[in-house]
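Novice: 3D model of this:
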Amino acid sequence: MNETTRRQSLAALTLGAIGVVYGDIGTSPLYTMKEIFGPGVGLPLDAPHLIGAVSTIFWALMFVVTLKYVLLILRADNHGEGGIMALTALAMRTAGRTPRGRTALLLIGVFGAALFYGDSVITPAISVLGAAEGLEVVAPALKAWVLPISVGVLLGLFVVQRFGTQRVGVMFGPVIVLWFGTLAATGVWQIAQAPAILQALDPREAFGFLQAQGWHVFVVVGAVVLALTGAEALYADMGHFGARPIRLSWYFFVLPSLLLNYFGQGALVLLDPAAAEHPFFRLAPNWALPYFVGLSTLATVIASQAVISGAFSLTRQAVQLGYLPRVDIEHTSETESGQIYIPGLNWVLMIACIGLVIGFRSSSRLAAAYGVAVTTDMVFTTILFAVVARDRWKWSLAGVLAMASAFLVVDLGFWSASLLKIPSGGWFPLLIAGLVFTVMTTWNSGRGLLATRLAERSMSVEQLLERMRDASLVRVPGTAVYLGRHDVGVPPALLHNLRYNHVLHSRVVLLSMRTDSMARVPEEERLTVEHLTPDFYRVVARHGFAEDPEVPAVLERLRASGLEIDPEEATFFLGRETLLATHRPGMALWRERLFAVLARNARRATHYFRIPSHRVCELGAEIEL
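Specialist: Residues are numbered from 1 along each chain as shown. All right, here's what the predicted structure looks like:
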């Protein structure tokens, strides 16, 4: 790629990152100041409180988003992939040596991933509702249309997901550029009217403001955290655009625009305390209100894209790492492997978001539920990042402890404040996270239990080789490829073929598709071929959790290494188990039943591994869990 092409690619990715990654945090000005000075918090509308609140937002954005996520967390690049599952895999590769340490890291990572799904449901709902409520400012009589318009907007958002994040990002990018430009312009205008708000740049204003609140500070901080929602999406979406475009767009465009708008809202309310009811929409002159509402609606649609595309990436990682059943995954870009679309997840998120809008009916009520999942994820991310910094990058213990302590003081402060929201709606994202966590841990434990049950029926390779010496065993022409779960022992499908058909092909390949803890496996490490006997091979194909395990690609690599297998002539044997829940030691009966249901509804291995369906033979068996 020449320099001109590289620059054009970087520019396109940066524009796409603005359109996808920053939509969520970019629409926080719609409701953050409104909630901080709303009836639920009860702050006086005087200069010290306004300057203190804006100062708190400013330093929270600088410390949590700029320093923690953009400068540091984005460094935890797992071969191009980001997100809490990628970070967990990175931490486990060095620190997960002991069973206890491995379990602790896994639980943190899996529950953090589950919390992200809770955020993926609530973010589109609150963003779209917050924008549609601008209609009430334009004309109070339009209040009855807020819910129907919000539902319609959400429907449109999820329908366009099938076009992929690159197309959506390029389409949304110019709109978000206009959005951030509007944020900056209106903010500058109001700051010019009341420059006293610039006192908020002094960190002493934030500390003094928080200290003066006493125990009430938890209520205040619970509203301030709304300015940070979307920070975790920066890391989760790294696989879609890369770290550099995300950093460039934040430093030079997104952050300045956000800060100018928050300062502008503070300046506005300094001059007109009545504007605190809808400070964002009051930034615009009356003649521009319809434009403001329309642009806000478009921006909130885009805001939801960050968590939706993040949820797609997270789901693929969880499937590959063995925490979710196989699902349909569609690639939407020929150049960026991280840009994917998952139809089933898309429609589940759509139904959940629309249900939230209808159930809560206002952004203020949703704001009371917002923040619990986000802040808990922040805490988990700090812990995992500290592990990676110490064990993988070999940072000094003192440096890691100092960094983690500083971040955790802030993270735990936001988290403690968010706990107050649980009775008023914060239970909902926790409920979603709990359900997802149950599914993920059940699937992972169930796979381990199934492997144990299959091993009880299996035989070693040595026993198989002895059985092959039996003169009564019929050998038929052709190549048989047996897919197995592990790179030891004999695949169940081969055992079934021997026991019931008493035949074996003249050439046999035992193929294991193994997922590694890194996002992408180097080409030279992808394939291991073991020649057991003449015309009998064991092949272990390794792929990363951000890559697709495709059998045709494995056969191409085998051809390059000297083992020729024609997919149109070989027969691919797969095992298909019918799972029965029992009272045998293993998992609780209800978890075994849940695992059996998940297994029945998982995407078929034939499609998942891209095996020619007309060359597949499935051999089934009943397995008592």
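Novice: export stretch 68-77 as CSV, just CAs?
Specialist: Written as CSV, here are the backbone C-alpha positions of stretch 68-77 (Å, rounded to 0.1, in the frame of the first residue of the first chain):
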residue,chain,number,x,y,z
LYS,A,68,-7.5,5.7,31.0
TYR,A,69,-9.3,4.5,27.8
VAL,A,70,-7.8,6.4,24.9
LEU,A,71,-4.2,6.7,26.1
LEU,A,72,-3.8,3.5,28.1
ILE,A,73,-6.5,0.9,27.6
LEU,A,74,-6.3,1.1,23.8
ARG,A,75,-2.7,-0.1,24.1
ALA,A,76,-4.1,-3.5,25.2
ASP,A,77,-4.3,-4.6,21.6
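Novice: Now do that stretch: distance to the chain's middle.
Specialist: 16 Å (Cα atoms, centre = their mean, to the nearest Å).
Novice: Next, the buried residues of that stretch.
Specialist: Residues of stretch 68-77 classed as buried by neighbour count (16 or more other Cβ atoms under 10 Å): Lys68, Tyr69, Val70, Ile73, Leu74, Ala76, Asp77. C-betas here are computed from N, CA, C, even on glycine.
Novice: Equivalent analysis for stretch 468-487, please.
Specialist: By 16+ other Cβ under 10 Å, the buried positions in stretch 468-487 come out as Thr479, Ala480, Val481, Tyr482, Leu483, Gly484, Arg485, Asp487.
Novice: three-state assignment of the fifth one?
Specialist: Right, the one you point to is Leu483. strand (DSSP: H, G, I helix; E, B strand; the rest coil).
Novice: unless I'm mixing things up, it is touching Phe572, no?
Specialist: Yes: shown here, Leu483 and Phe572 form a contact pair, counting by Cβ atoms under 8 Å, at 6.8 Å.
Novice: so what sits against both of those two?
Specialist: Common contacts of Leu483 and Phe572 (Cβ atoms under 8 Å, 6 or more residues apart in numbering): Val551.
Novice: thinking again about what came up before, now the buried residues of stretch 468-487 in a markdown table, with distance to Arg244 and pLDDT?
Specialist: As requested, the buried residues of stretch 468-487 are exported to a markdown table (distance: Cβ to Cβ, whole Å; pLDDT from 0 to 100):
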| residue | distance to Arg244 | pLDDT |
| --- | --- | --- |
| Thr479 | 46 | 91 |
| Ala480 | 47 | 90 |
| Val481 | 41 | 91 |
| Tyr482 | 44 | 90 |
| Leu483 | 39 | 88 |
| Gly484 | 40 | 80 |
| Arg485 | 38 | 72 |
| Asp487 | 37 | 72 |
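Novice: ok, which pair from those residues is furthest apart?
Specialist: Farthest-apart pair in those is Thr479 and Arg485; separation 20.9 Å (Cβ to Cβ).
Novice: low pLDDT regions in the stretch 201-350 of the chain?
Specialist: Regions of the stretch 201-350 of the chain meeting the criterion pLDDT under 70 cover residues 240, 303, 306, 332-338.
Novice: how about the strands in it?
Specialist: 330-331, 340-341 (DSSP state E, counting those that start in this stretch).
Novice: Next SSE downstream of the top helix by length along the chain?
Specialist: Using DSSP state H to define each element, the chain has its longest helix at helix 99-132. For helix 99-132, the succeeding helix or strand toward the C-terminus, using DSSP states H and E, is helix 134-138.
Novice: can you tell me which residues contact the closest residue to Leu228 other than its chain neighbours?
Specialist: Leaving aside its chain neighbours, Leu228 sits nearest to Val64 (5.5 Å; criterion: Cβ to Cβ, 6 or more residues apart in numbering). Residues in contact with Val64 (Cβ under 8 Å, 6+ apart) are Leu228, Ala231, Met378, Val410, Asp411.
Novice: shouldn't the second one be in contact with Thr375?
Specialist: No: taking Cβ under 8 Å as the definition, Ala231 is not a contact partner of Thr375, at 10.3 Å.
Novice: These two - which one has more neighbours?
Specialist: Set side by side, Ala231 and Thr375 show more neighbours around Thr375, with 28 against 25, by other Cβ atoms under 10 Å.
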